[in-house]
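Colleague: Kindly return the folded structure for what I paste below:
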Amino acid sequence: MAANQQAVIIEHCGGWGYAPKATRLVEVIQNETGLQASTFAGRTGSYEIKYGDKLIYSKLSTGQFPTDEEILAALK
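Modeller: Residues are numbered from 1 along each chain as shown. Now for the predicted structure:
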């Protein structure tokens, strides 16, 4: 990753089976944008997506999962 390129970080709930969804989104982000992306198990009910220091999606706030299209648009 270049020094000026920001990474996408996905925090997902570890106890509710969100890991496969988060892992798939990491692959989509990397394939569609070329950005580095990773995921980790975090808070209960979480599916929070940050790009650099900016929170671009919060399931804790919306109560819903994002679509791939929503996330890809937010990364442009």
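Colleague: From the chain's centroid, how far away is the biggest helix by length in the chain?
Modeller: When the chain is parsed with DSSP state H, its longest helix is helix 19-33. The gap between the average C-alpha position of helix 19-33 and the chain average comes to 8 Å, counting by CA atoms, centre = their mean, to the nearest Å.
Colleague: tell me which strands and helices that helix is in contact with?
Modeller: strand 8-13, strand 37-42, strand 47-51, helix 68-74 (3 or more CB pairs under 8 Å, 6 or more residues apart in numbering; DSSP states H and E). Using the backbone N, CA and C atoms, a C-beta is placed for each residue, glycine as well.
Colleague: Just send these back as a markdown table, with mean neighbour count and mean pLDDT too.
Modeller: Listed next are those as a markdown table, based on neighbours: other CB atoms under 10 Å; pLDDT from 0 to 100:
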| stretch | mean neighbour count | mean pLDDT |
| --- | --- | --- |
| strand 8-13 | 22 | 98 |
| strand 37-42 | 16 | 97 |
| strand 47-51 | 21 | 98 |
| helix 68-74 | 14 | 97 |
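Colleague: Can I get those in JSON lines including distance to V28?
Modeller: Rendered in JSON lines, the data for the helices and strands packed on helix 19-33 read as follows (distance: least, CB to CB, whole Å):
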{"stretch": "strand 8-13", "distance to V28": "10"}
{"stretch": "strand 37-42", "distance to V28": "9"}
{"stretch": "strand 47-51", "distance to V28": "12"}
{"stretch": "helix 68-74", "distance to V28": "5"}
